[in-house]
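> Give me the fold of what follows.
(3 chains)
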Amino acid sequence: MDHAVDVHDAVVLLDRFPALAGLSLKLRAGTVTLVQGPNGAGKTTLLRMLAGLAPLERGRATVLGYDVATEPRLVRASVGLLSPQTMLYDDLTIAENLSFWATLAGHDDVDLMAALERVSMAPFADQQVVTLSTGQRRRAAIAVVAIRRPRLWLLDEPHAGLDQAGRDVVDGLIEDAIAAGATVVVASHELDRVRPLATHVATVAGGIVHSFETVNAGASGA
Amino acid sequence: MSTALSRPHVASTSSKLTLVLGVASLLGLAVLLVFSFVLTDPDQRVFERGADLEPLLTGQGDAVRLLYVHFPVAMVTYIAFTLNAIGSIAVLWKKSTWWDNTAAAAAEVGVLFCGLTLATGSIWGRPIWNTWWKWGDVRLMTTTILFLIFIGYLAYRRTMSDSRVRAKRSAVVGLIGAINIPIVYKSVDWWQNRTLHQQSTLRNRSVEDLTLFTMIFGMVVFMAIFAWLMVHRFRIGWLEHQTETVGLEAAIIERRAQTSAAISDAVTDSRSSAETGSD
Amino acid sequence: MREIWALARKDLRIEARSKVVATQIVPFAMVILVLFGLALDADSRTLRDLAPGLFWVATLFASVLAIQRSIAVETISSTFEALRLSGAPAWKLFAGKALAVAIQLLAIETVLGLGIVVLYRSSFQDPVLIVTAAVAATIAIASAGSLYGVLAVGMGVRDTILPMLLLPIMMPVLVAATRAFGDGLGTAALNGWTWAGLLGLLAVVYATAGALAYAVVIEDT
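Okay, the predicted model is just below:
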């Protein structure tokens, strides 16, 4: 495949409202794309569509070589989506959550403690999620996604609600992904933080990509 | 009279077809009532009666006239729900909006006829068996459960506004409901091993010619009524679907128009919110 | 298979921590038994004869709550999406959740079984039949319930529709389980094993239907 992401004229409905109104986008493998735009522009829906979660009303999309419309399960297995909801079970501990999600993804042989250490959450491994702060939960959620070693990272406002240490963890994550040769798409309002890491910037508004530019300064591949 | 079949956009749901069906149904119904209540013989005595459905409480004699309504109405019920099952399969297999519309229409008309079946059966049964309801009668139980299943189906459809989601999910509910019917029938049958329902009249050779004719005529009349209701209901659903599709085009255009207005605000907004770290 | 067990264990572990079934649903089932006793105002002989039916009606009502709880565990944490994202096939997701619900239902039924012995003077004439019938019926209820539970996910209008969708479908299970228990508790002179066989068939039908349909229904959750 030549493009990690190839979207053409995608229309995605949220209960009859066209969140994406004919969006087209092409991203090469190994790139880091910042998706910016006003609230309600369709950034979250774009990421969800790329994750294979939102069905296409019209148009077509290929992610990592898989057709989003006909092979959504293969798409989902290959991507890692970090969304504002942490998707962790409140009554379970961090370690139990991690173990569960790893098993479901077929990666239960992975070293869970190492993954937790990478996000500085190792001391909290045996604490129930309900006792943790938003920032801590977000870091745990990052570990859950990182374990899957996805080839496409979809990060939806990853820095939101995090303190300085937490933001550094996110940046470290993005760098890890780049180093592993994955493709990264980050939807964010934190332009100053993400832009330096990015190779491209897409501006989304009104459900379509308004502009797409290459940013050389961010090509920090290791 | 508008001829909907020749215009691209249907403004009303009536047409030559429905006019013909409607008139034929009405006439047929009138004729049927004359036949069932005047011309055919009861089991014992003949009474002059008008065209009302309340049977004489003088024994089997006249109550049997209700059969000419009850039997066709029951048959139409099963046809309607079978149509729903077929439509549900088609929706899941081919994702067809046309079939979803048909399934929904069939369910609504089916529930109506099912209610009529239960009502006419109950009225018919009262003078003969001295009860409005008989637990354990196989067909009564099955029809009642069928009624409840499809009321649930219709209620469920109303909880969803996204037509694609609604089509798929109600197809699952409809299909499982349909699969259940033979199971329900068999389990009640084993449970009771007896039924108040008389054996199928059509197979009984000793039935009089006129009775047989009236019964078949009744079938035809109610099938016509069924078709008439289905066509109207289907068209209503189809109009709704077209409204949605047209609405979508407009919504897409409006959505994209947000772009130029929003785009100049976008970068400014993002820059300022980046400093505070919130959205 | 390990995914299915991981899913079920996850739900059971959450229940062990939150104790919703134990503290809310089991008492509710017992309340139903008591209410029946009060409402029917009957001597212990009649209640004993009615016990099979009352047991299963109480179980069905409790199962609606148990299934709603099973679904709520996911919607509270927005994890249905994460489950879909995990890439695990839908039938395994179904099997895991249905298994957890079935285990919880069996726990509820055990308490109810004690309840009818104490409150209705029931006696277990044929424990093997009772247990076999209960297990088969529970699989049927848990399977159909898990499927319909997902169908009923949503905010507001959709929450209250689960009983109306599930209970009419469960009618053959109710008839068969009551008859089987009638034989097993010695209150009816019939062949309970035939009915247990029907329950087994229903268990297979609903487990299959759930596994097949889950892929369709879990989208758009």
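> residue contacts, A:Val215?
A:Leu34, A:Arg195, A:Ala198, A:Thr199, A:His200, A:Val201 (Cβ atoms under 8 Å, 6 or more residues apart in numbering or on different chains). The way it works is simple: take the backbone N, C-alpha and C, and place the C-beta from them, glycine included.
> contacting residues around stretch C:139-146?
B:176, C:59-60, C:63-64, C:66-67, C:70, C:94, C:97-99, C:101-102, C:105, C:166, C:169-170, C:173, C:199, C:202-203, C:205-207, C:209-210, C:214.
> Keep only those of these that are also close to chain A.
Among those, no residue is within reach of chain A (Cβ under 8 Å from any Cβ of the partner chain).
> ok, then the element right after the biggest helix by length in chain C?
Counting by DSSP state H, the longest helix found in chain C is helix C:44-76. As assigned by DSSP states H and E, the chain's next helix or strand after helix C:44-76 is helix C:79-85.
> Check which helices and strands that following helix is in contact with.
For helix C:79-85, the elements it packs on are helix C:44-76, helix C:192-218, judged by 3 or more Cβ pairs under 8 Å, 6 or more residues apart in numbering or on different chains; DSSP states H and E.
> Report the next helix or strand after it in sequence order.
Per DSSP H and E, the first helix or strand lying C-terminal to helix C:79-85 is helix C:90-120.
> how far off helix C:192-218 does that next one point, in degrees?
If you take axes from the mean of the first three to the mean of the last three Cα atoms, to 10 degrees, helix C:90-120 sits at 140 degrees to helix C:192-218.
> list the buried ones in the helix or strand following helix C:90-120?
Counting by DSSP H and E, the next helix or strand C-terminal to helix C:90-120 is helix C:127-151. Residues C:129-151 are the ones in helix C:127-151 that count as buried (16 or more other Cβ atoms under 10 Å in any protein chain shown).
> Repeat that for stretch A:136-154.
A:136-148, A:150-154.
> returning to what we had before: of all the helices and strands packed on helix C:79-85, which lies closest to B:Leu17?
helix C:192-218 (34.6 Å; Cβ to Cβ).
> quick check: angle from the longest helix of chain C to helix C:127-151?
Using the same axes, to 10 degrees: helix C:44-76 against helix C:127-151 is 40 degrees.
> buried ones in helix C:44-76?
C:47-71, C:73-74.
> Could you tell me whether A:Leu13 really is in a helix?
No - going by DSSP: H, G, I helix; E, B strand; the rest coil, the assignment for A:Leu13 is strand, not a helix.
> Report pLDDT for it.
If you check A:Leu13, the pLDDT there is 88.
> what residues are up against it?
A:Leu13 makes contact with A:Ala19, A:Glu57, B:Asp162, B:Leu248, according to Cβ under 8 Å, 6+ apart.
> Confirm the first one sits in a strand?
Yes - secondary structure assignment places A:Ala19 in a strand (three-state DSSP).
> quick one: it and A:Ala10 touch, right?
No - using Cβ atoms under 8 Å, A:Ala19 is not in contact with A:Ala10; the gap is 10.0 Å.
> okay, those two: which has more neighbours?
A:Ala10 (27 against 23; other Cβ atoms under 10 Å in any protein chain shown).
> Which residue comes closest to that one once chain neighbours are left out?
A:Gly59 (3.9 Å; Cβ to Cβ, 6 or more residues apart in numbering or on different chains).
> phi, psi of the one you found?
phi 80, psi -180 (degrees, to the nearest 10).
> A:Pro18 is in contact with that one, correct?
No - with contacts counted by Cβ under 8 Å, A:Gly59 stays clear of A:Pro18, the gap being 11.1 Å.
> who's more crowded, those two?
Taking neighbours as other Cβ under 10 Å, A:Gly59 and A:Pro18 compare with A:Pro18 leading, 27 against 18.
> Just list the residues touching the more buried one, thanks.
So A:Pro18 contacts A:Val11, A:Val12, A:Glu57, A:Gly207, B:Leu248, B:Ala251, B:Ile252, B:Arg255 (Cβ under 8 Å, 6+ apart).
> So which of those residues sit within strands?
A:Val11, A:Val12 (DSSP state E).
> Compare the contacts of A:Pro18 and tell me which is most surrounded.
A:Gly207 (28 neighbours).
> What does the pLDDT read for that residue?
Reading off the model, A:Gly207 has pLDDT 88.
> how many other residues sit next to the residue nearest to it when sequence neighbours are not counted?
Spatially, and ignoring its direct neighbours in sequence, A:Gly207 is nearest to A:Ala21 (3.4 Å; Cβ to Cβ, 6+ apart). Counted with other Cβ under 10 Å, the neighbours of A:Ala21 add up to 27.
> which residue ranges form the strands in the chain?
All of this is about chain A. Counting by DSSP E, chain A has these strands, from start to end: A:3-14, A:17-28, A:32-36, A:58-63, A:66-67, A:79-82, A:152-156, A:183-187, A:200-205, A:208-214.
> Touching, B:Thr159 and C:Arg158? I think so.
Yes - counting by Cβ under 8 Å, B:Thr159 touches C:Arg158, with 4.4 Å between them.
> okay, these two: which has more neighbours?
B:Thr159 (18 against 15).
> So A:Leu88 sits against A:Val144, correct?
Yes - using Cβ under 8 Å, A:Leu88 is in contact with A:Val144, at 7.3 Å.
> quick one: B:Ile176 from C:Leu93, how far?
Computed as Cβ to Cβ, to the nearest Å, the B:Ile176 to C:Leu93 distance reads 18 Å.
> any idea whether the closest residue to C:Glu15 other than its chain neighbours is helix, strand or coil?
Using Cβ to Cβ, 6+ apart and skipping residues adjacent in sequence, the residue nearest C:Glu15 is C:Val21, 5.5 Å away. Here C:Val21 is recorded as helix under three-state DSSP.
> Now do the end-to-end distance for stretch A:76-84.
The straight-line separation of the ends of stretch A:76-84 (Cα to Cα, to the nearest Å) is 18 Å.
> Would that stretch count as contacting chain B?
No - applying Cβ under 8 Å from any Cβ, one finds stretch A:76-84 separated from chain B by no less than 9.6 Å.
> So which bits of chain A are right by chain B?
Within reach of chain B by Cβ under 8 Å from any Cβ, chain A has these residues: A:11, A:13, A:15-18, A:21-22, A:36-39, A:41, A:55, A:57, A:157, A:159-161, A:189-193, A:203, A:205-208, A:210.
> Put the buried members of the residues you listed into a PyMOL selection.
The buried subset of the residues of chain A next to chain B, as determined by 16+ other Cβ under 10 Å, is captured in PyMOL by this line:
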select buried, chain A and resi 11+13+18+21+22+36+37+38+41+57+157+159+160+161+189+190+191+193+203+205+206+207+208+210
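> Just list the residues touching the residue nearest in space to the middle of chain A, thanks.
Centroid-nearest residue in chain A, with Cα atoms, centre = their mean: A:Leu154, separated by 1.9 Å. Applying Cβ under 8 Å, 6+ apart, we find A:Leu154 in contact with A:Leu47, A:Leu50, A:Ala51, A:Val79, A:Gly80, A:Leu81, A:Leu82, A:Val185.
> Could you save the residues you listed as a markdown table and add columns showing distance to chain C?
Converted to a markdown table, the contacts of A:Leu154 look like this (distance: Cβ to the nearest Cβ, whole Å):
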| residue | distance to chain C |
| --- | --- |
| A:Leu47 | 12 |
| A:Leu50 | 12 |
| A:Ala51 | 6 |
| A:Val79 | 8 |
| A:Gly80 | 8 |
| A:Leu81 | 6 |
| A:Leu82 | 11 |
| A:Val185 | 15 |
